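Visitor: quick one, fold the following:
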Amino acid sequence: MITKIKGGVTAAKGFFAAAAAAGIKYKDRTDMALIYSKAPCTAAGTFTSNIVKAAPVKWDAQIVKTSLSVHAVVVNSGIANACTGAEGMDYCRKTAAAAAKALGVREEEVLVASTGVIGMQLPIEKLEAGISTMASELSDGPEAGEAAAKAIMTTDTHEKQAAVQFEIGGKQVTVGGMCKGSGMIHPNMCTMLAFVTTDLSISKELLEKAVKADVKDTYNMVSVDGDTSTNDTLLVLANGEAGNPKITEENADYQTFCKALNIVNTALAKMMAGDGEGATALFEAKVIHAETKKQAVTISKSIITSSLTKAAIFGHDANWGRILCAMGYSGAEFDPERVDLEFASGAGTIKIIENGVALDYSEEEATKILSEPEVTVIADLKQGEASAVAWGCDLTYDYVKINADYRS
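Guide: Modelled structure (predicted):
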């Protein structure tokens, strides 16, 4: 049994965290976070598909690929360290070196991540001072995990954490994580940063396999505004402190871990979608009875990325024509004369079209259903047994306001 619990990156045994107000860009809040495990960690990660990759993405991709172990992650918000050339890469090294010195580990055992404005150079002295502060304040309590989650926010309106516990080999295992993401988020590693920790003992090969597979159904199914960031990063660290027999093959224990990882990543992905810049509602698209998984994924993504559909959700308007239109230009083949569409939320469910034709539904009831903070559209293709779920948010006036003056 997998049980949801409170907490984030410090929920798993042996993981510590801290936050600091380094004054990198923000003057009234914390803007640095540190995750640390005294025990060496196996690391896996996935990164942005954008050709323009930030310096931390390049640094982490190399560390994850070549380093035998990882002990720490240093994260800053406010400045993305993207499009910063050789100087930006050198700041990654200096950040890792400062953390390595403060924690007594090696430089190549430190991962780094940044989020914020593109094109600005990091004030490295402030980062080094922040690392020194955080190293002396590390804690494994839930408060430390929450502080770290708050420190990595940019335009996010709240911190994002999730954690679960389950049993493997008679040992209690925990998976916990935190993320940030509100704008510049689009499928194919949606600016999102996510950090997941677990005390599970697992081989690097299988950890990497689990992470890469799960991303397809979680973070890659999120879109806020159609912009894929330069900094998108998911890092998963496993320190083996739970003491379970090491997972080295794709057995029942491996499948249990994969399910637990999916629960945490799905929760974090939905939090990002629901906290899209200026958003008032989480918008979920479920495509069911598709012929293939690929078809379902393509259509569900097209629905949540449609600006007209997102605007209709904001207006609580059951404008189903926009949804069917978005499905039609997705590039996936289907028969529009067989499609059923339903809207669902905490206020109920209503079918609005059947076999591609509008039903005599109540606009008042539809508006009530669409006025909830979480809204789902269900598209039944009646072609097979495949399905997919994508998450987005409504498009509001505030999205433009936030992004019109983001640098100021």
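Visitor: residues in contact with residue 282?
Guide: Residues in contact with residue 282 (C-beta atoms under 8 Å, 6 or more residues apart in numbering) are 270, 273, 274, 373, 374, 375, 391, 393. (Glycine included, C-beta is placed from N, CA and C.)
Visitor: residues contacting residue 235?
Guide: Residue 235 neighbours (C-beta under 8 Å, 6+ apart): 43, 44, 45, 60, 64, 73, 111, 113, 194, 195, 196.
Visitor: same check on residue 330?
Guide: Residue 330 touches 298, 299, 301, 302, counting by C-beta under 8 Å, 6+ apart.
Visitor: how far away is the third one from residue 250?
Guide: Computed as C-beta to C-beta, to the nearest Å, the residue 301 to residue 250 distance reads 28 Å.
Visitor: tell me which of these two has more neighbours.
Guide: Set side by side, residue 301 and residue 250 show more neighbours around residue 301, with 26 against 12, by other C-beta atoms under 10 Å.
Visitor: check contacts around the nearest residue to residue 307 once chain neighbours are set aside.
Guide: Sequence neighbours aside, residue 395 is the residue nearest to residue 307 in space, at 5.9 Å (criterion: C-beta to C-beta, 6 or more residues apart in numbering). If you count contacts by C-beta under 8 Å, 6+ apart, residue 395 has them with 278, 307, 310, 311, 313, 314.
Visitor: residue 343 and residue 370 touch, don't they?
Guide: Yes. Judged on C-beta atoms under 8 Å, residue 343 makes contact with residue 370 at a distance of 6.1 Å.
Visitor: stretch 315-323: end-to-end distance?
Guide: The straight-line separation of the ends of stretch 315-323 (C-alpha to C-alpha, to the nearest Å) is 14 Å.
Visitor: with stretch 145-163 instead?
Guide: 11 Å.
Visitor: and what of stretch 364-375?
Guide: First residue to last in stretch 364-375 (C-alpha to C-alpha) measures 16 Å.
Visitor: check which helices and strands the helix or strand encompassing residue 43 is in contact with.
Guide: Residue 43 is located in strand 32-47, with elements delineated by DSSP states H and E. Applying 3 or more C-beta pairs under 8 Å, 6 or more residues apart in numbering; DSSP states H and E, one finds that strand 32-47 makes contact with strand 15-20, helix 55-66, strand 70-79, helix 124-135, helix 142-151, strand 193-198, helix 204-215, strand 233-238.
Visitor: run the angle between it and helix 204-215 for me.
Guide: For strand 32-47 against helix 204-215, the angle by axes from the mean of the first three to the mean of the last three C-alpha atoms, to 10 degrees is 90 degrees.
Visitor: partner strands of strand 32-47 and their direction?
Guide: Using DSSP bridges, strand 32-47 pairs in its sheet with strand 15-20 (antiparallel), strand 70-79 (antiparallel), strand 233-238 (antiparallel).
Visitor: most tightly surrounded among the ones you listed?
Guide: Among these, ranked by average contacts under mean count of other C-beta atoms under 10 Å, first place goes to strand 233-238 (a mean of 28).
Visitor: tell me the mean pLDDT over that one?
Guide: Mean pLDDT, computed over strand 233-238, is 96.
Visitor: same check, this time on stretch 156-167
Guide: Averaged across stretch 156-167, the pLDDT comes to 94.
Visitor: what distance do you get for residue 376 to residue 285?
Guide: Taken as C-beta to C-beta, the span from residue 376 to residue 285 is 7 Å.
Visitor: next: residue 84.
Guide: 37 Å.
Visitor: higher neighbour count, the two?
Guide: Between residue 84 and residue 285, counted using other C-beta under 10 Å, the more crowded position is residue 285 (28 against 21).
Visitor: just the element for residue 10, please.
Guide: Residue 10 belongs to no helix or strand, assigned by DSSP H and E.
Visitor: the spatially closest residue to it that is not a sequence neighbour: neighbour count?
Guide: Excluding the flanking residues, the one nearest residue 10 by C-beta to C-beta, 6+ apart is residue 145, at 3.7 Å. Residue 145 is flanked by 32 other residues according to other C-beta under 10 Å.
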